[in-house]
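J.: the sequence and its predicted three-dimensional model are supplied below.
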Amino acid sequence: MPNTEENPRYRMQLILEKLQKEGGGRDRVGSALQELIPLHLDLAHVPVAADELGEFKSNFSALLASGQNFTGLRAYVDLCATFAERGRLDGFENSCWMRSVIQVLDDEFMDWSEADSPRYKSLFVEDVEYIDETLEEVSDEAPPVRKQDIPDWVPESHWWWRAPKQQDMSEAERKARLEYDHLDGVYD
């Protein structure tokens with residue numbers, strides 16, 4: 001199989017290479033994490049031998065849960081939390097995307113026994129719980145994600161995509177929230 005983006009082996013190698021590079025912390029790790037959804041989808045169509053996938057997961061987990069990469073993971077999760085905190089305005093959809101990446105990471109690819117410290121998993125779990133609590137809290141006023149904007153692959157277990165309680169929010173109000181500028185009114 002050629003080295004194309006549709007080839008799961010290519011994506012697995014790309015992810016590992018990104019995690020092996022020095023410097024660039026959050027951006028480098030975030031870039032590697034963004035490849036997890038396409039990899040997850042590719043694996044559904046082009047299976048990889050169990051031992052090969054197991055080796056990838058082991059290497060991936062060891063790299064991600066060590067030193068600067070774990071710091072980058074925490075920064076990615078923190079950015080997701082920041083978007084969730086802005087969920088009543090323009091952050092909800094971005095937090096949904098990132099939260100789904102985090103869920104796929106934990107469900108499909110992460111083996112926490114490879115972590116440098118047993119505390120890493122508990123830190124990760126605490127951070128994800130905070131995101132979920134925040135998404136639930138802001139869902140009362142969050143602009144809904146339009147049905148056509150929710151990816152087909154998102155399972156029902158990714159409840160955050162459908163969490164906004166005002167599913168009937170007018171398009172004008174939704175647009176006003178999404179285009180909110182924190183400086184509105186400051187220069188009147």
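T.: Cool, the structure landed. Numbers count the residues shown, from 1 in each chain.
J.: in the lowest-mean-pLDDT helix or strand in the chain, which residues are buried?
T.: Every helix and strand of the chain was ranked by mean pLDDT, DSSP states H and E. The lowest is helix 171-178, at a mean of 76. Buried positions in helix 171-178, judged by neighbour count with 16 or more other Cβ atoms under 10 Å: 174, 177. Every residue, glycine included, has its C-beta placed from N, CA and C.
J.: and what of stretch 74-81?
T.: In stretch 74-81, counting by 16+ other Cβ under 10 Å, buried: 74, 76, 77, 79, 80, 81.
J.: ditto for stretch 93-108
T.: Buried, per 16+ other Cβ under 10 Å, within stretch 93-108: 93-105.
J.: same thing with stretch 147-166?
T.: Residues of stretch 147-166 classed as buried by neighbour count (16+ other Cβ under 10 Å): 150, 154, 158, 160, 161, 163, 164.
J.: those residues: which two are farthest apart?
T.: Longest distance between any two of the buried residues of stretch 147-166 is 14.6 Å, between 154 and 164; criterion Cβ to Cβ.
J.: sec struct for residue 89, please.
T.: coil (DSSP: H, G, I helix; E, B strand; the rest coil).
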